[in-house]
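Visitor: give me a 3D structure for the following:
(5 chains, ligands or ions: 4)
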Amino acid sequence: MSAGTLEGTRTVYRIEGLDHVFDAAEVHALQDIDLRILQGQVVSFIGPSGCGKSTLLTIMAGLLEPSRGTVLLNGEDVDGPPDEVGIMFQRATLLPWRTTVENVLLPIELRHGKRRTKAYRDQAEDLLQRVGLAGFERRYPGELSGGMAQRAAICRMLITEPDVLLLDEPFGALDELTRERMDLELQRIAAARDATVVLVTHSIPEAVLLSDRVYAMSARPGRISEVIDIDLPRPRTLDTMALPAFVDYTGRVRRALDRGHEDS
Amino acid sequence: MSAGTLEGTRTVYRIEGLDHVFDAAEVHALQDIDLRILQGQVVSFIGPSGCGKSTLLTIMAGLLEPSRGTVLLNGEDVDGPPDEVGIMFQRATLLPWRTTVENVLLPIELRHGKRRTKAYRDQAEDLLQRVGLAGFERRYPGELSGGMAQRAAICRMLITEPDVLLLDEPFGALDELTRERMDLELQRIAAARDATVVLVTHSIPEAVLLSDRVYAMSARPGRISEVIDIDLPRPRTLDTMALPAFVDYTGRVRRALDRGHEDS
Amino acid sequence: AEEAAGEQGDGSSLTVVLANTSCVLNFPVYSALAEGFFEEEGLDLQVEAVNGSSAVLQAMLAGQADFGGPGAVPVMAAQARGEDVVYFMNASPGGSFFLIAPEDSGITGPEDLAGKTVGVATADGNEVVFVDVIMDGAGVGEDGFEKLTVGEGGQAVAAFERGDIDAYAASSDGFATIENAGFSLLDITPPDVDYMFGNGYAAPRDLIDSEPEALEAFGKGFYRAVQWAEENPDQAIDNCAEYQPQEVEDRDYATRLLEISALTRVSPYPEDPWGSMRAEDWEAMLQDAVDAGHVEEGQVDVDQVYTNDLVDGFQP
Amino acid sequence: MALTTPVSGREPRSAGGRRRKRSGLGRAGSFLNNLPQPIAVLLVVIVVLAFWQLIVAVGGVSEIILPPPLAVIEEIGVVAVQLATGGFLLGQLWLTIQEIVLGFLLASAVGFLLGLWIGQTRFGQRAVMPLFVVVEASPKIAFTPVFIAWFGFGISSKFLMAAFMSVFPVIINTAAGMSAASEDEVKLFRSMRASSWDIFWKLRIMRALPFIFAGLKIAIVSAVTGAVAAEFIGGGVGFGEQVRVAASRIALDRVFALIFYLSILGLILFGAISWAQRKFAFWDVTSITRKKEKK
Amino acid sequence: MALTTPVSGREPRSAGGRRRKRSGLGRAGSFLNNLPQPIAVLLVVIVVLAFWQLIVAVGGVSEIILPPPLAVIEEIGVVAVQLATGGFLLGQLWLTIQEIVLGFLLASAVGFLLGLWIGQTRFGQRAVMPLFVVVEASPKIAFTPVFIAWFGFGISSKFLMAAFMSVFPVIINTAAGMSAASEDEVKLFRSMRASSWDIFWKLRIMRALPFIFAGLKIAIVSAVTGAVAAEFIGGGVGFGEQVRVAASRIALDRVFALIFYLSILGLILFGAISWAQRKFAFWDVTSITRKKEKK
Ligand SMILES: Nc1ncnc2c1ncn2[C@@H]1O[C@H](COP(=O)(O)OP(=O)(O)OP(=O)(O)O)[C@@H](O)[C@H]1O
Ligand SMILES: Nc1ncnc2c1ncn2[C@@H]1O[C@H](COP(=O)(O)OP(=O)(O)OP(=O)(O)O)[C@@H](O)[C@H]1O
Ligand SMILES: [Mg+2]
Ligand SMILES: [Mg+2]
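Guide: Ligands and ions are numbered 1, 2, ... in the order given. Below you'll find the predicted structure:
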């Protein structure tokens, strides 16, 4: 456990020389990715569609082995889904044979068995309520709207209180207001637990609002084209979005994204 | 065919006293929806997640019968998917046994049979290229990223050149730049054909940028809470977004959305 | 398995396995049981039934039964494969097959079958030899008539109905069955096939050596039941009602079946003691089996395949 | 007709949605579809009986080959009396039921495990599967004497035959079901560090259920015929033997009556499996049905 | 073992991804899984033969009950010579093959159509299905005389019996497959104004393919046993009759040798169906496999 330190904080993820090629399709999805994420940091990946963001997250979650390069989590090689990580995928993927609350409780059941899951039921209902799904606990996924399913998937990730959250466009199907509310909720939860958050997003304001650092990516092959550190006071609120610095940062991210588009 | 006229234009959709309750779940999804959409208009629905936007679109597409009320398309009762309408759903739903281009050509094949579909292949590849999927024609859906699948689904809808486009968060999985590009492309296509566009979106700027009229909805039961006419010159470009009027409109829509949230 | 049965107490507990599940056809066994004949002879007998001689032999050799009632040819086949199973009792000296033709067909003897079709149950069974020998004896060579494999019982009836066959080589139950189906039948079996006796009983040589008395008791009880049934046919059928009530539900059928099966016990050699066999018959049957390819020349020694040693013990 | 009136599990939400251009056939279909089940079944039975009577009457088929329906119905009554009064037949039927149920349970358990193995491993698929096909393609009935030789004359040999004859559909369908879970779902479970055990029980099995139930439905029915066939050949006990006895005296009306009871038995067992399917794979059937059940 | 080394169609993208804590069994499994198919099959064959020899040797089982493997292999050779020289057996085998293939084709076609009907209509599910279950649960072999009475002693009656005996799995699986398409997919098709015909052929059927193929795999193998059983009972022709003859003279080595050829026949036909499945339902098998095939 060689916990690296920078500004006195532990390095959570250290990725070096990472490359990924989908063999069969011969798609060079990721190239030369190097990065380092610190404990308690919130970082965002932003970039054109198909630039490899989901692939990178999948690799960080230990679900896919990169073609080349190292991925260290807390100093250890990631060679399987690590215990301390929770991931939320781009598609909600709720199981149709479980009610909403049962879907949320799935990771608990997988960890602690069915019996001990009961104790978490209140917690699950609490989470569902916080994301605005009170009253839908016993509905089956087929009866939820797109955004509702996504919110249920978020609850499913949060229920285990992971130290590291990997989120792939978690709020893509939500309207802006709900989204902002969820953003702040996410910030609150992460801060309360000193959790590290890695976020893939398509929303520039969201990236700026939440992140300590934004990685802009460009496509084909997917690589990190720019790194923008966001130095805004925390906790951030909706008022933060009115700050001139915020507007400035969104402009910078937008331009970086722009360049990412041109590159590809 | 009692084509109503308003400002000299034909009414495409006329919805009156529409109510929808999902019986089994006893969810009152839509209440008292009244609206009228004119030929060549672009209208957006915006509102909190779960407020019934997808349900409304599904009803307009003739895929779901409302519990009460009338839905007229070009003066005729909608009691099945009408010929002139193309719909794109919130989930891309590509068929895994067809390549991307075959998925795009599906509606053509369904209309004109396999043989005559070949003639449309160039057109399909052209569409795919316009949305940035050149080179992915022969890939299977499992090899596409989330945003790529969504873009393929858009091509699938456009290939039949429908007069009325019903779009349920078509660009939800795209980054802002790609999204804006797609927005303008959509405007171009619609204008070129004088097509009518009904859009469900979560992005306020998108709603304002594209629409002649924005319907803000509130939830439980889902109803139209406010109607905002967007009087900005066409064709709109990215520069439109810098106009003070644009900023003003986004503010209005945002506040309407806000109120929709409070109501529910 | 009933392994213990053979070795128990005074050596009088055995399991027999019959080659068909009909009670009426096996009435001597069931009646002897019901009337207590075996018990009186000091034999405690368990009865099991399967379908066919191979299954009988397999059950015997696997130790599921001590002895059983297979046909002669399968026993020779078993010997050819090195299993020392010995025939010790001939229970149907009259033979198991009947060549039958519908009464209204005008066919009265095998000679009339020239150019006609004879049905057999299987393409290569003993009936085929039976038919061939008969037709040969009637001066109709192999080319002079057709053989059609039709299967048993219902299929034979279907074949008659469709007009596919003119005569049929039937077992006793087949005979009764076809009659029961409304055909008046004529038995046109000539004496040429007298040497082909029907099913009897066989046992591993070990058993014959170790428990001859028990097997003698079986034969004695069996024979007593045969004689008893001649006087009391109705009661023999009644006895079956307990084991196989369905079979005797149709009383006429059961009676006819009993009558026909009596024919199988009419020995062509009335002078011989009941249950005995003749070497020349075995030789003839062995020759047929060799001709049919069931056993190979020299694989089976007639002296080894049967024994008349117990026959004295069967007599009352 | 079938194509215009789908009732399958995943119809869009338009339950009852009116649609234009419904064909005349479609209407006839929906009339039939809306009949209450008892009436629908009765209708089918009547059509079958009428057709049967027609064949017997017009076709001039001998009673020995196809008994007239009325004679069979009469015999069904006769057998019913015997069964009701706890006669000999009842005991035989009970034996057969035991064989069927034991055989089916064994086949389900063994077939399930083998199906898993074959469905989930390349070795199973490529090397073990051929072996089972070879065994299955053999005339299994021919093994009856061997089963008797090994397992005796009692019901063991028969229920083992029943299991032997019904295990294959369970294997094949379970194996096919093993790839029914989607890539996304497996990824989700793996991300939650689900054990292979959990991925298996909480995902793969659930997704495989429609396949497994289809297999079990075939198997329960095969178990009936398997047990009966074993009794046919293996002799001595059970309802199958009774069928044989009746057949051997060409009492075809009785044969049909006995078969009728066996079939009803099969139907009841099949119904039990279908019930279990609706209970355990409820999410696979129409949400409409599910919701209706809720009320 | 099975659970730790899945190769099913939808594994996450981690082909070859190393994972911690792989059990010893898992390793053994993956060793087996990585064997080339011919070697894997050979391995299974050897294990089976060894086990068989062991039973014969240690168990002291009579040759009449279970012939020693060597004797069977020898007989397989003898039969091979007869088949190769175009002897009597070859003609019989050819008859049986015709029965099987015709029976299977008929069962597939009829079973498919009935399966559709049953899978898509409430009437089919609730009223017609019970009828088929009743027929299926009956000892179908008992209908042989009826088939013979109607269709004679030639191969028609036998291939019809083969079809009769193998149609049920196709029905059940096709019916089960009819609800495999998702709600979203049906909605998509309906929105494109797809005809019922197209929804059916371009969606439902595609989604039902894994089910249908599972059914066909069971059916082809049932057709083999069905044809053989019909020959067994219905007399006279084909390889099944030869098996019966050999059994009646207790030539078990010959019985096993003949069964071996029937089984190989079954295996070949089964392989053909599997091949068709990989071809027409390629998207259902591992994407890895598909991609490999591309190269
Ligand atoms: N099949 C169904 N059965 C029961 N309730 C349903 C069904 N489909 C949708 N609902 C309910 O109807 C309401 C509206 O759903 P709808 O999908 O129209 O929302 P939406 O506005 O599209 O939301 P989102 O923005 O999250 O996609 C929700 O409360 C949802 O739970
Ligand atoms: N299983 C796969 N096989 C082959 N190629 C794949 C596979 N998965 C992804 N790809 C390719 O890898 C590239 C990156 O995909 P990825 O899903 O990581 O993109 P993304 O950045 O998440 O895009 P989006 O924003 O649209 O979700 C794409 O070009 C895609 O086509
Ligand atoms: Mg992605
Ligand atoms: Mg929606």
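
Visitor: how about the contacts made by the one residue sitting closest to the centre of chain C?
Guide: Nearest to the centroid of the C-alpha atoms of chain C, with distances taken as Cα atoms, centre = their mean, sits residue C:199, at 2.8 Å. Listed by Cβ atoms under 8 Å, 6 or more residues apart in numbering or on different chains, the contact partners of residue C:199 are C:19, C:53, C:69-72, C:91-92, C:96. Using the backbone N, CA and C atoms, a C-beta is placed for each residue, glycine as well.

Visitor: residue of the stretch 51-200 of chain A closest to ligand 4, please.
Guide: residue A:146 (4.2 Å; Cβ to the ion).

Visitor: quick one: that residue and residue A:173 touch, right?
Guide: Yes - assessed by Cβ atoms under 8 Å, residue A:146 is found in contact with residue A:173 at 4.5 Å.

Visitor: now do the shared contacts for those two.
Guide: B:49, B:90, B:169.

Visitor: these, buried ones only, as a ChimeraX selection?
Guide: Buried members of those, defined by 16 or more other Cβ atoms under 10 Å in any protein chain shown, are picked up in ChimeraX with:
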select /B:49,90,169
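
Visitor: closest to ligand 2 among the contacts of residue C:199?
Guide: Ligand 2 has its nearest neighbour among the contacts of residue C:199 in residue C:53, at 63.8 Å by Cβ to the nearest ligand atom.

Visitor: quick one, what contacts that closest one?
Guide: Residue C:53 sits in contact with C:19, C:70-71, C:73-75, C:199, E:248, E:250, where contact means Cβ under 8 Å, 6+ apart.

Visitor: would you point out the most distant pair within these?
Guide: C:199 and E:250 (15.1 Å; Cβ to Cβ).

Visitor: low-confidence ranges, chain A, go.
Guide: A:1-8, A:24-25, A:262-264 (pLDDT under 70).

Visitor: does the residue nearest the centre of it sit in a helix, a strand or a coil?
Guide: Residue closest to the mean C-alpha point of chain A, counted by Cα atoms, centre = their mean, is residue A:167 at 1.9 Å. Here residue A:167 is strand, with the state taken from DSSP: H, G, I helix; E, B strand; the rest coil.

Visitor: pretty sure it contacts residue A:196?
Guide: No - taking Cβ under 8 Å as the definition, residue A:167 is not a contact partner of residue A:196, at 11.3 Å.

Visitor: anything in contact with each of these two?
Guide: Contacts common to residue A:167 and residue A:196, judged by Cβ under 8 Å, 6+ apart, are absent.

Visitor: contacting residues for the residue of the stretch 151-264 of chain A found nearest chain D?
Guide: The minimum distance from the stretch 151-264 of chain A to chain D, using Cβ to the nearest Cβ, falls at residue A:160 (7.9 Å). Counting by Cβ under 8 Å, 6+ apart, residue A:160 touches A:86, A:107-108, A:111, D:192.

Visitor: for the residues you listed, which one is nearest ligand 3?
Guide: residue A:86 (17.5 Å).

Visitor: quick one, phi/psi of the residue of the stretch 51-200 of chain A found nearest chain D?
Guide: Of all residues in the stretch 51-200 of chain A, the one sitting closest to chain D is residue A:97 (4.0 Å; Cβ to the nearest Cβ). Note on residue A:97: backbone dihedrals following degrees, to the nearest 10 are phi -90, psi 10.

Visitor: helix or strand for residue D:217, which one?
Guide: Assigned by DSSP states H and E, residue D:217 belongs to helix D:205-234.

Visitor: is chain E contacted by that helix?
Guide: Yes - contact of helix D:205-234 with chain E (Cβ under 8 Å from any Cβ of the partner chain) involves D:210-211, D:213-215, D:217-218, D:221, D:224-225, D:228-229, D:232.

Visitor: any idea which of those is closest to residue C:312?
Guide: residue D:232 (39.8 Å).
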